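>>> Only the shape, not the letters, is given here:
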């Protein structure tokens, strides 16, 4: 296969999968097989592209010019490659887990559920491979629309409310801030292509750059930078596989990835560091890191706690981007990968606890670790990675972010990173500790509870192992990030 | 084709539906009238597309009605701009008519049906006539032809309130027509001509007089009533809500668009941009009114219970987009206007046809009766969704393209803040479309939907065709934007 057909297949395969899922909706086994086969096929395409990118190529696929200056085209550069690799890899794990979870809980409407997933992963790959801002925006909106049915899956009053908030907040920020920023960028630069070194250098003064960057950071609501974060905790009413997809595989990652990509290829880190235009956003995102961690400590609902933890961890990536240094960018890129694997583990554990014990509150988890040892062990490993302790992958991203902060001479960022890690320990560690060594909460009979379904455990084991492997073998990811041209 | 026919195509574009209307009025059977109308509606796009292609190839066509040379006789003048509108109007007619047969049969009494088609053809005659003529008074005649037939068409609605809506429109439409004809009368006394090209040549000589400003003001206000510029829009929501479904779809896609065409023609080809912007301060007024329409009417749309009324208010808002581009009066902005005339016609066509299909099946357009309809009529609701996305302006739909050009036009004119208001209005569209989507897909079907099936094919296909066009023209724009941009070059070139 030629490189451009590889890109095309990577985008179209999940869509074809969605169509087949619809056709075979009445035969669950076949339907689930199609989901997994699609995931496998997609991963194959992405890995084939990976070898090309590692060899220094940047395959392109031009679909069409919508109007002059607005092209629908794709180009696989290293940063997008990294994101596509994480998304397509974790999607398989997520799918395995979904099958266990959806069957275990006898969820209704499974066919549209898997279809929405397939469309969403296609648009995620589109975001990753987009060659210009227009294509990115298009795929970004498709991702919002295709995940809306997932968030509202339960169709309860709460789910509908959360879905409305999800749709309106994400669409609103993207249309009111992101789109004008794109149009503005176009009128300033005359192009929307992602170009090493950026396209705005010499075309906009420091104030304009600062405002534009702000429009992008807040316009990309999926990055959940405060104060546009509150859709994410609300969306936790969705089934756990959806939360995993939102928090780790696709949605929020598409957001922070977009911020990072725009920083590197639209503004260029040289422009940002020479004008200091992104400093104010550095404060905002550093504040988000701290504030979200503090809020996470107050949450008793496990998924809500994890949601605020995500907001905090995403802000690390925005911090990495706003530092406007090469090391900061590498730290941000690493954090996309490390947080994804760590957080998906935690969410899948939360879902496993719900499936096996129907518990959602942190205060009810005492002693559960003794009857669900695998789940709680995985939760422990995931927690360590989120905190950033070796030997888990999360250590690398924190390390590089700190180096980036030193390079940019922003010592307060280093301090905030350290404080936040302490806060992470405070809100994550008690859960496992209490699970293994605590007393059961009043009215909870741990004796009747068994481990989660096998499909769930397999998925959890895969990602928990992944966090460890990422510490010892982060080679490919480093290689990719080193390949990014910033000039 | 016979060269005799080809040279007379501009006349045939108007004469065929006119004669067809006469024959329909004589036919007793509604189905025979439908068949004749369908035939004519299929011929019309053939003629207009032929005209468009030849204009693109070899420049404007001038046709002397009855052999009287202009400026003494009536001249029909086809250039890229009006050929584009002709294609739009005639194609919408061709898409709507297959839909009309069942929809009209369910909404209109058997003895009135042939009258309905007669009026429909008269309306089509009027709209095509306004577009093709190069004569200010002839435009008035066609304006009244289309308006009078429209009053009748609206009054035929299934609900008794349709009569009141038609009456409301009659009063306001007549005021508009009067304003227009007063303005035309003034410029006739000033210049002694009614021919567009002649007027354009003579108006610079009298540019300093106050009378010409009065004439321009009368004409602009008169036409604005016809295309429902905020706050002259009060007739529109009722008219669209209570008219028969076919008529709502046809009018929303064509009638206001043709009036907008006439406005652009007068502003840019006849008066010239200096009078418009410097002497009348029309830019500021139009920008304010456009914004009021985009934000105000969209907000009102959010609170409507009747889906047809909701889309009618949305039409007022979308017309605001078009007038905004006119006010910006630069290359990108005006291209945005022209493209949006085209795109909005398609989008609203899809929406009204889909709602009409629902009315055909459940006899109501109340939003609460739509609960769970997504399960019962998935294709119709799919068309509704696509049209809705087009209204919001989601990329990949036609609506995005027009808004892109308008936004670039706003920045080119130095109004960055306008872009934010532009997208704010899209956001309001998101809310009212979202409301419908939620009711349709996330509620369980109510008892009123027992036994409701997907709409019949002849209603489904036109709606699906419009929905497909909404997507197509959001991705492949070389026809829509290409031709609009070419028309704008001529318009702005003349304006210099």
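Thanks, I have the structure now. On a predicted model such as this, the values are computed, not experimentally measured, just so you know.
>>> So which elements touch the lengthiest strand in chain A?
When chain A is parsed with DSSP state E, its longest strand is strand A:60-67. Judged by 3 or more CB pairs under 8 Å, 6 or more residues apart in numbering or on different chains; DSSP states H and E, the packing partners of strand A:60-67 are helix A:3-23, strand A:70-75, helix B:398-412, helix B:457-475. Where you see a C-beta, it was placed from the backbone N, CA and C, and this is true even at glycine.
>>> How about the contacts made by residue 189?
Reading this off chain A. By CB atoms under 8 Å, 6 or more residues apart in numbering or on different chains, the residues touching residue A:189 are A:199, A:200, A:203.
>>> wait, chain B
Residue B:189 touches nothing, counting by CB under 8 Å, 6+ apart.
>>> so it, which of the three states?
helix (DSSP: H, G, I helix; E, B strand; the rest coil).
>>> picking up where we left off before, list only buried entries from the contacts of residue A:189.
With burial judged by 16 or more other CB atoms under 10 Å in any protein chain shown, the buried subset of the contacts of residue A:189 is A:199, A:200.
>>> Tell me the one of the contacts of residue A:189 nearest residue A:307?
Set against residue A:307, the nearest of the contacts of residue A:189 by CB to CB is residue A:200 (33.9 Å).
>>> My reading is that that closest one lies in a strand. Confirm?
No - using three-state DSSP, the assignment for residue A:200 is coil, not a strand.
>>> can you pull out the strands in the stretch 151-300 of chain A?
In the stretch 151-300 of chain A, no strands are found when defined by DSSP state E, counting those that start in this stretch.
>>> could you pull out the helices for it?
A:157-173, A:179-189, A:206-219, A:231-234, A:240-244, A:251-262, A:269-275, A:279-298 (DSSP state H, counting those that start in this stretch).
>>> do the stretch 301-450 of chain B as well
Using DSSP H, counting those that start in this stretch, the helices of the stretch 301-450 of chain B run over B:307-328, B:331-362, B:373-376, B:378-392, B:398-412, B:416-442.
>>> sorry, back to before: of all the helices and strands packed on strand A:60-67, which one is nearest residue A:84?
Going by CB to CB, the one of the helices and strands packed on strand A:60-67 nearest residue A:84 is helix A:3-23, 7.5 Å.
>>> for the next helix or strand after that closest one, packing partners?
Remark: after helix A:3-23, the chain's next helix or strand is helix A:28-54, criterion DSSP states H and E. Here helix A:28-54 touches helix A:3-23, helix A:78-104, helix A:110-129, helix A:475-483, going by 3+ CB pairs under 8 Å, 6+ apart.
>>> Out of the ones you listed, the one nearest chain B is which?
With CB to the nearest CB as the criterion, chain B lies closest to helix A:110-129 of those, at 9.8 Å.
>>> OK, contacts around the residue nearest the centre of chain A?
Among the residues of chain A, the one closest to the centroid is residue A:253, at 2.5 Å (CA atoms, centre = their mean). Contacts for residue A:253 (CB under 8 Å, 6+ apart) come out as A:83, A:86, A:87, A:124, A:336, A:340.
>>> Helix or strand next in line after the helix or strand residue B:122 falls within, which one?
Using DSSP H and E, residue B:122 falls within helix B:113-132. Using DSSP H and E, the next helix or strand after helix B:113-132 towards the C-terminus is helix B:136-155.
>>> what number of residues lie near residue B:69?
For residue B:69, the count of nearby residues is 9 (other CB atoms under 10 Å in any protein chain shown).
>>> what do you get for the one 4 residues further on?
Neighbourhood size, residue B:73 [other CB under 10 Å]: 15.
>>> what does residue A:8 give?
When neighbours are counted by other CB under 10 Å, residue A:8 registers 16.
>>> ok, now which ones touch the residue lying closest to it once chain neighbours are set aside?
The spatially closest residue to residue A:8, leaving aside those adjacent along the chain, is residue A:61, at 5.9 Å (CB to CB, 6 or more residues apart in numbering or on different chains). Residues counted as contacts of residue A:61 (CB under 8 Å, 6+ apart) are A:4, A:7, A:8, A:73, A:74, A:75, A:129.
>>> Just put the helices of the stretch 151-300 of chain A in TSV and tack on distance to residue A:136.
Formatted as TSV, the helices of the stretch 151-300 of chain A follow (distance: least, CB to CB, whole Å):
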stretch	distance to residue A:136
helix A:157-173	14
helix A:179-189	9
helix A:206-219	11
helix A:231-234	20
helix A:240-244	23
helix A:251-262	6
helix A:269-275	19
helix A:279-298	19
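>>> Now the residue of the stretch 51-200 of chain B found nearest chain A: phi and psi?
When distances are taken as CB to the nearest CB, the stretch 51-200 of chain B reaches nearest to chain A at residue B:84, 16.3 Å away. Here is the backbone geometry of residue B:84 (degrees, to the nearest 10): phi -60, psi -50.
>>> does the closest residue in space to it that isn't next to it in sequence count as helix, strand or coil?
Excluding its sequence neighbours, the residue lying closest to residue B:84 (CB to CB, 6+ apart) is residue B:483, at 5.1 Å. Three-state assignment for residue B:483 (three-state DSSP): helix.
>>> Could you tell me how many residues sit around residue B:483?
Residue B:483: 22 neighbours (other CB under 10 Å).
>>> Adding distance to residue A:293, write the helices and strands packed on helix A:28-54 out as TSV.
Output for those, formatted as TSV (distance: least, CB to CB, whole Å):
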stretch	distance to residue A:293
helix A:3-23	35
helix A:78-104	23
helix A:110-129	27
helix A:475-483	25
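>>> ok, for the residue in the stretch 1-150 of chain A positioned nearest to chain B, nearest residue in space, not its chain neighbours?
For the stretch 1-150 of chain A, the residue closest to chain B is residue A:138, as judged by CB to the nearest CB, at 4.3 Å. Once flanking residues are discounted, residue A:138 sits nearest to residue B:395: 4.3 Å by CB to CB, 6+ apart.
>>> Now the phi/psi pair for the one you found, please.
phi -60, psi 150.
>>> do residue B:195 as well
Here residue B:195 shows phi and psi, under degrees, to the nearest 10, equal to phi -70, psi 130.
>>> Please read off the pLDDT at the closest residue to it other than its chain neighbours from the model.
Ranked by CB to CB, 6+ apart and with sequence neighbours excluded, the top spatial neighbour of residue B:195 is residue B:71, at 3.9 Å. We have a pLDDT of 75 for residue B:71.
>>> Same check on residue B:292?
Residue B:292 is assigned 93 on the pLDDT scale.
>>> Then residue A:205?
Residue A:205 carries a pLDDT value of 84.
>>> List the contacts of it.
residue A:275.
>>> and it, how far is that from chain B?
14 Å (CB to the nearest CB, to the nearest Å).
>>> Could you give the backbone dihedrals for that residue?
For residue A:205, the backbone dihedrals (degrees, to the nearest 10) come out as phi -80, psi 170.
>>> same thing with residue B:64?
Dihedral angles (degrees, to the nearest 10) for residue B:64: phi -90, psi 120.
>>> for it, what are its contacts?
B:70, B:73, B:74, B:75, B:76.
>>> Next step: those residues restricted to strands.
B:75, B:76.
>>> Just the buried residues of the contacts of residue B:64.
B:70, B:74, B:75, B:76.
>>> I figured the first one was touching residue B:62, is that so?
If I follow you right, that is residue B:70. Yes - taking contacts as CB atoms under 8 Å, residue B:70 lies within contact range of residue B:62: 7.1 Å.
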